[in-house]
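>>> predicted model follows, preceded by the sequence.
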Amino acid sequence: MPSSRTPPIVVDMLPASLIIKKRNGERLSAEEIQSFIDGFVSGEVADYQMSAMAMAICWQGMDAEETTDLTQAMLDSGERLQRSSQGPPRVDKHSTGGLGDKISLILAPLLASCGVHVPMISGRGLGHTGGTLDKLESIPGFRVDWASDEAEGLLEKIGCFIIGANQNIAPADQRLYALRDVTGTIESVPLITASILSKKLAASLDALVMDVKVGSGAFMQSSSDAIRLAHSIVATGHQAGLPTTAFVSDMDQPLGHAVGNAIEVNESVDVLQGKGPSEVRELTLQLCSSALCMTKVCQDVNQARQLLSDQLNSGRAFERFCEMVFAQGGQFVDKLSLESATPILASHSGYLAMINNRKLGECLIALGGGRRRLGDPLRHGVGLHVAARIGDSIERGMPIATLHASSALSKDWIDIVRNAFHISNEPVQARELIQQRIDQSPTLPNELRQRLIIDAQHARQHAYAPFSRFQVGAAIATVDGRIFTGCNIENASFSATICAERVAAGNAISAGAGEWLAIALATSGGAAPCGICRQFLSEFSRHLPLIIVDTDNGEIRHRCLSDLLPNSFASGDIRPQ
């Protein structure tokens, strides 16, 4: 006798169907994401299909749950480093990269000297920013290619290592990153987040500190984009069970004085010996203090800074660096040699107003200190010593930089390097090193979330929609604890129609409540805000959390406004004539 039970619903896992779903702005389930990534790793999903999915994600974004699911799927594509439950806390740091960023070389041995383990998997430089592995390979004999079991031996012996990724750690990320690099999808925040965290989670960490660079020499050139990425990484890290703290730090100028490979190793050694540029030391202390507090090695920041400062000033951190270098095959005695020095003199007096970081990076690449393509050989002795920082007073004829390169080549670049330093006649304010610290993305109390959902549904009942019959309700929660509602109001003159989101926003602004926590929307089908509303809301809260209620089936989705409108037109884009 045939069964009367309803057959189970089979989710369509065809790659093309999932690409179309994301292209149309729909949410992908954890099972769909896992199926797509598994297929990509096995070869069932072709590279061109993965490229299409990456573009769909770049265009439509992902909510927090999707980003976490993508991170988990990429993590599950490979192996994880093993660890003993009885071992010391395990921490790591990741930077989005910039000119002169040598913090990893200092941080790993410094934290190891404080009793924690630091399994650091780093990368090479490509473009105008340098890579940690390239800097360490300036040291004769230093080896970065280690199998997972060998790396574990290094960690047990020294307490830290800095190595390159092998093919068994998050292989989905390695393949996807190569596609993103050539398909214009590098800047997608969900893809960046999953790429970073899939590798860090594979290291079985207890805590992660992120350094998100912002400025002309960074990948993220606007503060809003850098903060958005920092929030995404922190939120996803916490959802995946990895306590994560992010710092947004300045990259409108090189970090420290040294830019290059061997020259940055030398500056790192200075800091490890209690000397070196104050900004390099300060950023290192901030990142390391956070790691020690997150793992409860220290009770507060003051205790952590004191411990770290003692390790630097006493030379114990430098001793641990030497142990790491020797264990990884390096031969390090003193400072590494550099190529010939050519001073760059200021052409006039004034105040240093701006540094063209990209031009400096391109100069070093042209001189052999960086790569145009993966696999290019490096001249490790090529580098630049930057003598001034933004805001400094400059005298005509004083050295603003020193270029280390072949004498035959450097003379062609003297004027180019000099012109990368813009000097103003008026005083210039110095840059803040650390712009923001993000410990955990803000979350709404469940009670407030439920109130928003209910109020949005009630507001929908008052919608005036005689023409479209499409009723929408909205409710905005403000930082002072109030909730403002609105419904859509149509008009026979269609251009006069007002969406529910803008009605609620107008009510809040009229009451002097311009700082918002979240907005809830109640619609048939769970429709997201229209383009005009996205732009309107972003004027007041670019990263506003959205709670979208489908009144047909009660399904609730969570999005971020900046995911729906990644590059909104902002007040800073309006330039008076």
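The structure has been received and is ready for your questions. Remember, predicted model here, so these are calculated numbers, not experimental data.

>>> use CA for all of it now, contacts and neighbours both
Fine.

>>> in whichever helix or strand Gln457 is part of, what counts as buried?
In this structure, Gln457 is located in helix 446-460 according to DSSP states H and E. The neighbour-count check on helix 446-460 (16 or more other C-alpha atoms under 10 Å) flags 449, 452-460 as buried.

>>> which of these has the weakest pLDDT?
Checking pLDDT across the buried residues of helix 446-460, the minimum falls on Arg449 at 86.

>>> packing partners for the helix holding Gln457?
strand 472-478, strand 483-487, strand 516-523 (3 or more C-alpha pairs under 8 Å, 6 or more residues apart in numbering; DSSP states H and E).

>>> and of the ones you listed, who's closest to Ala108?
Smallest distance to Ala108 across the helices and strands packed on helix 446-460 (C-alpha to C-alpha): 37.4 Å, for strand 516-523.

>>> which residues touch the closest one?
Strand 516-523 is contacted by residues 444, 452-453, 456-457, 460, 470-479, 501, 528, 541, 544-551 when judged by C-alpha atoms under 8 Å, 6 or more residues apart in numbering.

>>> for stretch 412-419, same thing?
By C-alpha under 8 Å, 6+ apart, the surrounding residues in contact with stretch 412-419 are 344-347, 359-360, 363, 400.

>>> now a PyMOL select for only the buried ones of the residues you listed.
Entered in PyMOL, the line below selects the buried ones among those, by 16+ other C-alpha under 10 Å:
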select buried, resi 344+345+346+347+359+360+363+400
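
>>> quick check: the farthest pair among the contacts of stretch 412-419?
Using C-alpha to C-alpha, the contacts of stretch 412-419 span at most 19.2 Å, a distance reached by Ser347 and Cys363.

>>> any idea how far the helix holding Gln457 is from the chain center?
Relative to its parent chain, helix 446-460 has a centroid offset of 33 Å by C-alpha atoms, centre = their mean, to the nearest Å.

>>> do stretch 326-341 as well
So, by C-alpha atoms, centre = their mean, the centroid of stretch 326-341 is 31 Å from its chain's centroid.

>>> what is the mean pLDDT for it?
Averaging pLDDT along stretch 326-341 yields 91.

>>> cool, stretch 156-171 as well?
Rounded mean pLDDT across stretch 156-171 is 88.

>>> which one of the helices and strands packed on helix 446-460 lies closest to Ser495?
With C-alpha to C-alpha, the closest approach to Ser495 among the helices and strands packed on helix 446-460 belongs to strand 483-487: 16.4 Å.

>>> and the next helix or strand after the closest one, what does it pack against?
For strand 483-487, the following helix or strand on the C-terminal side (DSSP H and E) is helix 500-510. Packing contacts for helix 500-510, counted by 3+ C-alpha pairs under 8 Å, 6+ apart, involve strand 472-478, strand 483-487, helix 531-538.

>>> quick one: the longest one to helix 500-510, angle?
Taking axes from the mean of the first three to the mean of the last three C-alpha atoms, to 10 degrees, helix 531-538 and helix 500-510 form an angle of 30 degrees between their directions.

>>> and helix 531-538, what other elements does it pack with?
Here helix 531-538 touches helix 500-510, helix 561-564, going by 3+ C-alpha pairs under 8 Å, 6+ apart.

>>> export these to TSV and tack on mean pLDDT, mean neighbour count and distance to Asp412?
Shown next, in TSV, are the helices and strands packed on helix 531-538 (pLDDT from 0 to 100; neighbours: other C-alpha atoms under 10 Å; distance: least, C-alpha to C-alpha, whole Å):
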stretch	mean pLDDT	mean neighbour count	distance to Asp412
helix 500-510	96	21	57
helix 561-564	75	23	44
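
>>> format those helices as JSON lines; extra columns: distance to Glu279.
Converted to JSON lines, those look like this (distance: least, C-alpha to C-alpha, whole Å):
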{"stretch": "helix 500-510", "distance to Glu279": "41"}
{"stretch": "helix 561-564", "distance to Glu279": "32"}
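
>>> can you give the contact residues for stretch 24-36?
Contact with stretch 24-36 is made by 13, 15, 18, 21-22, 45, 60-63, 66, 69-70, 73, as judged by C-alpha under 8 Å, 6+ apart.

>>> now, the residues you listed that are in helices?
Under the assignment DSSP state H, the contacts of stretch 24-36 contribute 15, 18, 21-22, 60, 66, 69-70, 73 to helices.

>>> only the buried subset of those, as a ChimeraX command please.
To isolate the buried ones among these in ChimeraX, judged by 16+ other C-alpha under 10 Å, type:
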select :15,18,22,60,66,69,70,73
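
>>> right, and Ile192 touches Tyr177 too?
No. Between Ile192 and Tyr177 there is no contact under C-alpha atoms under 8 Å: 9.1 Å.

>>> so what sits against both of those two?
The overlap between the contact sets of Ile192 and Tyr177 (C-alpha under 8 Å, 6+ apart) consists of Ile186.

>>> the more surrounded of these two?
Shown here are Ile192 and Tyr177; by other C-alpha atoms under 10 Å, Ile192 has more neighbours (21 against 18).

>>> residues contacting that one?
By C-alpha under 8 Å, 6+ apart, the neighbours of Ile192 are Ile186.

>>> Ser232 too?
Each residue near Ser232 by C-alpha under 8 Å, 6+ apart is listed here: 64, 189-190, 193, 441.

>>> show me those that map onto helices.
64, 189-190, 193.

>>> which residue in those residues has the weakest pLDDT?
Ala64 (80).

>>> return the distance of that one relative to Val549.
As judged by C-alpha to C-alpha, to the nearest Å, Ala64 and Val549 stand 16 Å apart.

>>> for these two, indicate the residue with more neighbours.
Legend: neighbour count by other C-alpha under 10 Å for Ala64 and Val549, higher for Val549 (27 against 20).

>>> now the phi/psi pair for the more buried one, please.
Phi and psi for Val549, reported as degrees, to the nearest 10, are phi -100, psi 120.

>>> what ranges do the helices span in the stretch 51-200 of the chain?
For the stretch 51-200 of the chain, the helices defined by DSSP state H, counting those that start in this stretch occupy 64-75, 103-112, 132-136, 148-158, 171-183, 189-202.

>>> least reliable of those helices by average pLDDT, please.
helix 171-183 (a mean of 83).
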